[in-house]
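Asker: need the 3D shape of this:
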Amino acid sequence: MRDPSQNFNTVKELFNSDIAGSFGNQIDDVTQKAITSAIAGKAIDALGGNVRPNSVIGRSSGAILNSNLELLFSGVNLRTFPFSINFSPRNGAESDMVLKIIKALKSSMAAKKNTAEGATGQGGIFLRAPDVFQLRYLKGNSDHPFLNSIKDCALTGMTVNYTNSGTYATYGDGTPVSIQMNLTFKELNPIYFEDYKDAGLPGVGY
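Answerer: Numbering: from 1, shown residues only. Next comes the predicted model:
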């Protein structure tokens, strides 16, 4: 870019006219100048002018953007929920149940091959997503009246410690006497302010 200042003025004028048409008198001149300078600076930088938005604002208005304010909010995050569960089976029936629980969770967090016609086998170009979990805190047979609600989740992490007692010890059939299972679930959708307006939301909300 041979003449960044000339290009900056051109871009700034375009943004000025667009903002004035969109917002009218809703924002003052100083704010409008800062906004257009920042946008124009980013546009020029994207085109190879190597001009930082703060430099442009400083030259045109004598002020720069407050970087601390930019750190206050940069987007929404998906929540994660870790759970740790201890198993100590006492007989063959409980051992079989623990085995089935661990196996079911392991398989549920794995992706599935596409079973559509012509897309089977290892060479398929599509994969189906792992299972989705709906987690609830219960008190008796009903939702807990105080604890938080959880949106649909995916099981993103799972570890199983087969020596939870500190040493390797098993029953006669090979089942470990103490097992610890650690699970990490992650919500598929973020939490928004509007979610709390649901009148039927129990407890403290999300």
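
Asker: and the pLDDT for residue 106?
Answerer: You'll see residue 106 listed with a pLDDT of 97.

Asker: over to residue 76?
Answerer: For residue 76, pLDDT reads 87.

Asker: please name the nearest non-neighbouring residue to it.
Answerer: Distances taken as CB to CB, 6 or more residues apart in numbering put residue 190 closest to residue 76, at 3.9 Å, once the chain neighbours are dropped. C-beta coordinates here come from the backbone N, C-alpha and C atoms, glycine included.

Asker: ok, the one you found - contacts?
Answerer: Applying CB atoms under 8 Å, 6 or more residues apart in numbering, one finds that residue 190 lies in contact with 76-79.

Asker: so residue 78 is in contact with residue 188, correct?
Answerer: Yes: Residue 78 is within contact range of residue 188, at 7.5 Å (criterion: CB atoms under 8 Å).

Asker: ChimeraX command to pick out the buried ones of the contacts of residue 190?
Answerer: Burial among the contacts of residue 190 is assessed by 16 or more other CB atoms under 10 Å; the matching ChimeraX selection reads:
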select :79
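
Asker: quick one on the thing from earlier: ok, now how distant is the residue nearest to residue 76 from residue 206?
Answerer: 10 Å (CB to CB, to the nearest Å).

Asker: equivalent analysis for residue 142, please.
Answerer: The separation that residue 142 has from residue 206, given CB to CB, amounts to 18 Å.

Asker: so which of those two has more stuff around it?
Answerer: Neighbours per residue, other CB atoms under 10 Å: of residue 142 and residue 206, the larger number sits with residue 206, 16 against 9.

Asker: from what I can see that one touches residue 192, true?
Answerer: No: using CB under 8 Å, residue 206 is not in contact with residue 192, being 9.1 Å away.

Asker: you'd agree residue 182 is in a strand?
Answerer: Yes: per DSSP: H, G, I helix; E, B strand; the rest coil, residue 182 lies within a strand segment.
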